[in-house]
Every structure is written in C-alpha cells, then in structure tokens.
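In: Sequence and predicted structure, then a few things I'm wondering about:
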Amino acid sequence: MIRGTLCGFPTADGETLHGFLIEPAAAPEPRPALLLVHGVALNFYTGPLPALGQALAAEGYPALLVNTRGHDWISRAGADLAGFGGATYERLEDCLLDLEAAIAWLRAQGHGRVVLIGHSLGAVKALYYQGERRDPAVVGVAALSCPRQYYTARAADQAGFAATLEQAEALLAAGRGRELLWAPTTGSMGLWSAETFVSKYGRHERNDVRPHAARAGCPVLALAGGAEHPYFPGYARELAAAAGPRGTFVVLDGADHRYSAHLAAVSTAVARWLAALGG
C-alpha cells in the first residue's frame with residue numbers, strides 16, 4: 001500500500017493532468033522533491049516507478065508520480081474531456097508543458113528544488129525538458145533505460161521503420177495527421193496517429209537527447225539494465241558522457257527494462273546518486 005495525496009493541475013494549453021504525491025514520513029533535512037515520469041502508454045500507478053517512488057520517499061524524498069498527457073494508449077483529453085489523448089496522440093514537444101505544470105505544482109507546495117526521474121520514454125521527456133528549458137528549479141535528471149528513439153537509430157534497428165515513417169509523413173502532409181497506424185515501440189506494438197509518429201520518430205531527430213544531456217545544466221544519471229537490449233547500456237553511456245563531469249553512468253547486471261526482481265538495486269543506485277547531489 002502506498003499512502004499519499006492525489007492531485008491535479010492544469011497545463012498552459014488547458015489540459016488537466018493528475019499525479020500522486022508520496023510524502024516522506026520524516027527527513028533529517030529538507031531534500032529536493034522527485035518528479036517521476038512514466039514511459040510510453042503507462043501511467044503513474046503502473047510500471048516500476050510507483051515502487052521506486054515509495055522506496056525513495058522512505059529515504060526522505062517527496063516523490064510526485066505524474067501522468068503526462070501521454071498516459072495510457074488512448075484517454076480523454078481537453079478542457080471539456082471531449083477530445084482524445086494518450087500516447088497515441090501526444091507529441092514529444094507536449095512534454096514541455098506537462099513537466100512545466102508538474103514542477104509549478106510542486107513549487108506551489110513549497111518544494112523549490114526538483115529532481116526529474118524518467119523511465120523509458122519518460123527519460124527522453126525528462127532530458128528533453130531540461131535541455132530545452134534549463135529550469136533553475138531542476139537540480140538533477142535521472143534517465144532510467146532511455147531509448148534511442150530518434151530517426152537514424154530506429155531506421156537501423158527496426159525493419160520496416162522507414163516505410164512506416166513515409167506513410168505517416170504522407171498522411172500528415174495531406175492534412176490527415178490524426179489518422180492511426182500500427183508500428184513497433186521498444187519491444188511491443190503501438191498505436192500512433194501520423195502526427196505523433198512524425199513528432200516522436202521523425203527525420204528532425206530532436207528526440208536524440210544526447211545534446212539535451214549536454215546542456216542540462218545539472219547532474220545527470222544515466223542508468224540501464226544489463227539484461228536489456230545492448231543499445232540501452234550503450235545509449236546510457238553516451239548520455240552520461242554528453243553530460244561531462246556531471247554525468248554518472250550505471251548498468252545493473254541482470255536487470256530488464258522494467259527492472260523485474262531488481263527494483264531494490266535501482267532504488268539503491270538512485271538513492272546513492274541523490275545523496276551525492278546534496279540536500
């Protein structure tokens with residue numbers, strides 16, 4: 001059982017997002033709040049982050065598990081909940097508004113310093129946000145199992161990717177960007193609008209977050225599991241290198257993408273890195 005506070009907050013473009021704040025029972029000194037960002041089509045109560053947030057709250061860190069507008073595959077969206085949202089329809093750049101709103105909510109609760117912790121696509125979003133905004137409230141970014149989802153990597157790794165992108169580009173050019181297509185994510189099939197597919201995987205390659213790690217302006221932890229596809233540890237190493245002296249690289253032997261049976265090791269690694277950040 002996880003005890004905490006359910007919350008909701010608006011984004012600048014009129015979406016309402018929700019989250020769950022786990023308050024630590026006690027902390028010897030004020031510590032930064034953690035903003036935990038889920039992966040593709042997940043939400044704040046599924047995947048490895050709820051257990052990670054609970055473990056880190058036990059170490060004295062307030063932990064906000066947040067839904068981005070890309071939670072679940074398809075969800076209700078818009079101010080009147082009459083639209084369609086979810087991972088199928090979000091654009092990568094939407095994360096700027098989502099994380100901005102979550103950080104603003106934390107600051108309104110008195111948490112002036114924030115550490116972004118993203119898993120999978122959430123790691124892309126965390127690095128993308130901080131690289132674009134260089135938010136002074138953010139004092140660290142932890143990228144857990146960050147995928148290489150940019151164009152050249154996907155074209156090399158996935159058979160049929162180039163043809164799917166061409167299909168999505170043609171639909172978008174024809175004004176049919178909301179039409180849907182099936183395409184693989186990392187390890188499973190996903191349902192995407194053409195606009196979303198181009199935003200997340202297009203030739204622009206703005207979702208290669210190595211440059212964002214380089215300009216984050218704060219310490220960066222890049223962690224991956226040793227049982228994941230080899231590109232996860234490889235990309236984590238590159239992200240930490242891009243962050244320079246403030247980058248930390250960790251591979252957990254035997255851990256898969258969801259850290260099955262290895263959540264305690266992940267929690268320990270993240271807690272050790274957080275302690276090195278200072279109070």
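Out: Structure's in. What do you need? Residues are numbered from 1 along each chain as shown.
In: Low-confidence stretches in the stretch 151-279 of the chain?
Out: 186-187, 279 (pLDDT under 70).
In: What segments of it are helices?
Out: 151-157, 161-173, 194-201, 210-214, 231-242, 263-277 (DSSP state H, counting those that start in this stretch).
In: Just give the closest residue to the residue nearest the centre of the chain, not the sequence neighbours.
Out: Nearest to the geometric centre of the chain sits G122, at 1.1 Å (Cα atoms, centre = their mean). Using Cβ to Cβ, 6 or more residues apart in numbering and skipping the chain neighbours, the partner closest in space to G122 is V37 (3.5 Å). Heads up, the C-betas are built off the backbone N, CA and C, glycines and all.
In: and if you look at A12?
Out: L97 (5.3 Å).
In: shouldn't the one you found be in contact with D13?
Out: Yes. With contact defined as Cβ atoms under 8 Å, L97 reaches D13; the gap is 5.7 Å.
In: Neighbour count for those two, which is higher?
Out: L97 (19 against 12; other Cβ atoms under 10 Å).
In: who touches W182 in this structure?
Out: By Cβ atoms under 8 Å, 6 or more residues apart in numbering, W182 lies in contact with M189, G190, L191, W192.
In: and what of L165?
Out: Y151, F197, V198, Y201, G202, R203.
In: how near is the fifth one to E195?
Out: What that stands for is G202. Distance of G202 to E195, computed by Cβ to Cβ, to the nearest Å: 10 Å.
In: try R113
Out: In this structure, R113 and E195 are 35 Å apart, going by Cβ to Cβ.
In: repeat for A159
Out: For A159, the distance to E195 equals 24 Å [Cβ to Cβ].
In: who has more neighbours, the two?
Out: E195 (18 against 8).
In: Leaving out sequence neighbours, find the closest residue to the more buried one.
Out: Distances taken as Cβ to Cβ, 6+ apart place G177 nearest to E195, at 3.5 Å, with adjacent residues excluded.
In: next one: E15
Out: Ranked by Cβ to Cβ, 6+ apart and with sequence neighbours excluded, the top spatial neighbour of E15 is R69, at 5.3 Å.
In: In this structure the one you found contacts H18, no?
Out: No. Using Cβ under 8 Å, R69 makes no contact with H18, being 10.6 Å away.
In: In terms of packing, which of the two has more residues around it?
Out: Using other Cβ under 10 Å, the more surrounded residue of R69 and H18 is R69, with 22 against 14.
In: For P233, which residues are in contact?
Out: A224, G225, G226, V251.
In: Now flag whichever of those is closest to V266.
Out: Each of the contacts of P233 was scored against V266 by Cβ to Cβ, and G225 proved nearest at 8.5 Å.
In: distance of the closest one from L65?
Out: Plainly put, G225 is 21 Å away from L65 if you go by Cβ to Cβ.
In: cool, and A51?
Out: 10 Å.
In: Which one's more surrounded, the two?
Out: Neighbours per residue (other Cβ under 10 Å) separate A51 from L65, with L65 holding more: 26 against 15.
In: what about the strands in this protein?
Out: Secondary structure of the chain (DSSP state E): strands at 5-10, 16-22, 33-37, 63-66, 75-77, 83-85, 114-119, 138-144, 180-184, 189-193, 220-225, 247-252.
In: for the fifth one, packing partners?
Out: This points to strand 75-77. strand 83-85 (3 or more Cβ pairs under 8 Å, 6 or more residues apart in numbering; DSSP states H and E).
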